[in-house]
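J.: sequence plus predicted model, see below.
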Amino acid sequence: MPETPKREHFEQSVLPHLDAAYNLARWLTRNEQDAQDVTQEACLRAFRFFEGYQGGNMRAWFLTIVRNTCYTWLSQNRSPGTNEEFNEEIHSTEDSGGASPELQALAGADRETLRRALEELPDVFREVLVLREIEGMSYKEIAEVSSVSLGTVMSRLARARTRLRQALGAAMGKES
Amino acid sequence: MSCDLTERYVSGYLDGELDLVRTIEVEAHLKTCADCARELEQQQALREALRRSSLAYAAPAALRNRIQASLDAASAPATRTPEKASVWQGMQIWRWAAAFAVLVLCSVTAWQLLPGLRAPSQNQRLAAEVFASHVRSLEANHLMDVVSTDQHTVKPWFDGKLDFSPPVEDFASDGFPLVGGRLDYLEGREVAALVYQRRKHYINLFVWPDASGSRAAPAMQSQQGYNLLRWSQGGFHFWAASDVSAPDLAEFVRLLQARLSPESK
């Protein structure tokens, strides 16, 4: 592919998803500067691999690259001990632990409380909630981006929602 | 449906991602079970709180500028050092012209007398393309567009996507199972890429029509730790690329050649 049409085509088809890319990177790295670096790196990788893209869902294709770039970056830069390797099966037993907040409390949760609770979830749960609730992706798209089966998307999302509710319950319990 | 099952499916129900049968089962259960109905209400309230809070981060303008600049750098053609006019003015231009003419004459003679010289450069360039495609397919998580071990699924997948129908064979019983395929781009045209597996390694087999219809014996070369094997047969060009050992790749190609040769049909 000659460079100029490739560049134009790339800008028209990939860059409209830049906000989605940055949003995912921002939630996964939890830091503005890192999110910018990762997004830029992911854009360059997408540009290099652009000839390899053969149709299909462009946003999912691009976010797959962003996600992989994020995790590569995190594995190289995350200080040991923070948000360590997460095992869904082991940790899932905690789900039945904390109490869910009351319905009214949930409905009244403010943005900052929600943001903090979401930010503190383990990577896999934060990732699936961001893709579903913020980006509004279908299970099929999430499965493509996260390289997991549809069944895993569904069970991960169910656990992620339970965990987030518990975290909110704990946060609001502290406040009152 | 029991409460356990509803707990598992209520998230999918909320997202409208269940099939019809499950949806009906969940709805029937929700009508009779207050606990599960409450669970659904809670999930809905959580979703509404998340949506209401506009938690999306937008890409800052500075980032957009940075990306444009890095794309400029990435898409700029390799810059040549500009010729200095003074060099041409100062030198005796005719001596250069004569030297150039001799060079052209030699090149043309060599080109015509030794057709063998032409092939390597073309194959070297193609080898670099094949190598790049192989590595990219593994790195970009984009190895396969059609994932199937069934040649009768993979072959029809290419219909309408290519202007030719590539031969698709499976060698699972010989330790080289077909695992899928995708479209790729080589030599300025769309080609079929078939993906085979050898234990934990992948083999990319690139196929496209050969107008000359000639038969060329396999030639092996290696590039940065990968083995590439090319040949022509039955009106197709083939390039196989992989990090499997050279003998393994040669074995794979031998099997494929045998399967495709008219005598075996």
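T.: Ah, there it is. Values in this document were obtained by computation on a predicted structure and should not be read as measured data.
J.: domains in chain A, as residue ranges please.
T.: Dividing chain A into domains by automatic domain parsing, as the record does, gives the ranges A:3-77, A:89-175.
J.: please state the offset of the shortest one from the chain centre?
T.: Read it as domain A:3-77. Here the centre of mass of C-alpha atoms in domain A:3-77, compared against the chain's by Cα atoms, centre = their mean, to the nearest Å, lies 13 Å away.
J.: over to stretch B:210-219?
T.: For stretch B:210-219, the separation from the chain centroid amounts to 23 Å (computed by Cα atoms, centre = their mean).
J.: and B:Gln197, how close does it get to chain A?
T.: B:Gln197 sits 17 Å away from chain A, going by Cβ to the nearest Cβ, to the nearest Å. In this view, the C-beta of every residue, glycine as well, is placed from N, C-alpha and C.
J.: that residue and B:Leu205 touch, don't they?
T.: No. Under the criterion of Cβ atoms under 8 Å, B:Gln197 is not in contact with B:Leu205, lying 11.6 Å apart.
J.: more neighbours: which of the two?
T.: Relative neighbour count places B:Leu205 above the other of B:Gln197 and B:Leu205, with 25 against 18, counting by other Cβ atoms under 10 Å in any protein chain shown.
J.: show me the shaky parts of chain B.
T.: Within chain B, the set of residues satisfying pLDDT under 70 comprises B:1, B:76-94, B:96, B:110-121, B:140-141, B:263-265.
J.: contacting residues around the spatially most central residue of chain A?
T.: Using Cα atoms, centre = their mean, the residue of chain A that lies closest to the mean C-alpha position is A:Glu127, 2.7 Å off. Applying Cβ atoms under 8 Å, 6 or more residues apart in numbering or on different chains to A:Glu127 gives the contacts A:24, A:27-28, A:67, A:146.
J.: so which of those are also by chain B?
T.: Among the contacts of A:Glu127, the residues within reach of chain B (Cβ under 8 Å from any Cβ of the partner chain) are A:Trp27.
J.: pLDDT, secondary structure and neighbour count added to the contacts of A:Glu127, as TSV?
T.: What follows is the contacts of A:Glu127, written out as TSV (pLDDT from 0 to 100; DSSP: H, G, I helix; E, B strand; the rest coil; neighbours: other Cβ atoms under 10 Å in any protein chain shown):
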residue	pLDDT	secondary structure	neighbour count
A:Leu24	97	helix	29
A:Trp27	97	helix	24
A:Leu28	96	helix	22
A:Arg67	96	helix	22
A:Ser146	94	helix	20
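J.: what's the neighbour count on the closest residue in space to B:Glu48 that isn't next to it in sequence?
T.: Using Cβ to Cβ, 6 or more residues apart in numbering or on different chains and skipping residues adjacent in sequence, the residue nearest B:Glu48 is A:Ala107, 6.9 Å away. Here the number of neighbours of A:Ala107 (other Cβ under 10 Å) works out to 16.
J.: spit out the contact partners of B:Phe171.
T.: When contacts are taken as Cβ under 8 Å, 6+ apart, B:Phe171 is in contact with B:177-178, B:196, B:252, B:255-256, B:259.
J.: that one and A:Ala25: what is the separation?
T.: In this view, B:Phe171 and A:Ala25 are 42 Å apart by Cβ to Cβ, to the nearest Å.
J.: then A:Ala170?
T.: From A:Ala170 across to A:Ala25, the span is 27 Å (Cβ to Cβ).
J.: what's the farthest-apart pair in the contacts of A:Glu127?
T.: A:Trp27 and A:Ser146 (13.3 Å; Cβ to Cβ).
J.: can you map out the helices along the chain?
T.: Just going to use chain A. Counting by DSSP state H, chain A has helices at residues A:3-13, A:18-29, A:32-48, A:58-77, A:88-91, A:103-108, A:111-119, A:123-129, A:139-146, A:150-175.
J.: oops, wrong one, chain B.
T.: Shown for chain B, the helices assigned by DSSP H span residues B:3-14, B:20-32, B:34-52, B:61-75, B:85-90, B:93-113, B:115-139, B:151-157, B:246-260.
J.: which one of those lies nearest to B:Asp145?
T.: Comparison of the helices of chain B against B:Asp145 by Cβ to Cβ identifies helix B:151-157 as nearest, at 7.6 Å.
J.: residues of the closest one that come out buried?
T.: Using 16 or more other Cβ atoms under 10 Å in any protein chain shown as the burial criterion, the residues of helix B:151-157 that qualify are B:151, B:154-155, B:157.
J.: would you point out the most distant pair within those?
T.: When these are compared pair by pair using Cβ to Cβ, the farthest-apart members prove to be B:Gln151 and B:Trp157, with a separation of 10.4 Å.
J.: B:Val130: what's its closest spatial neighbour, skipping adjacent residues?
T.: Leaving out its chain neighbours, B:Val130 is closest to B:Trp239 (Cβ to Cβ, 6+ apart), at 4.7 Å.
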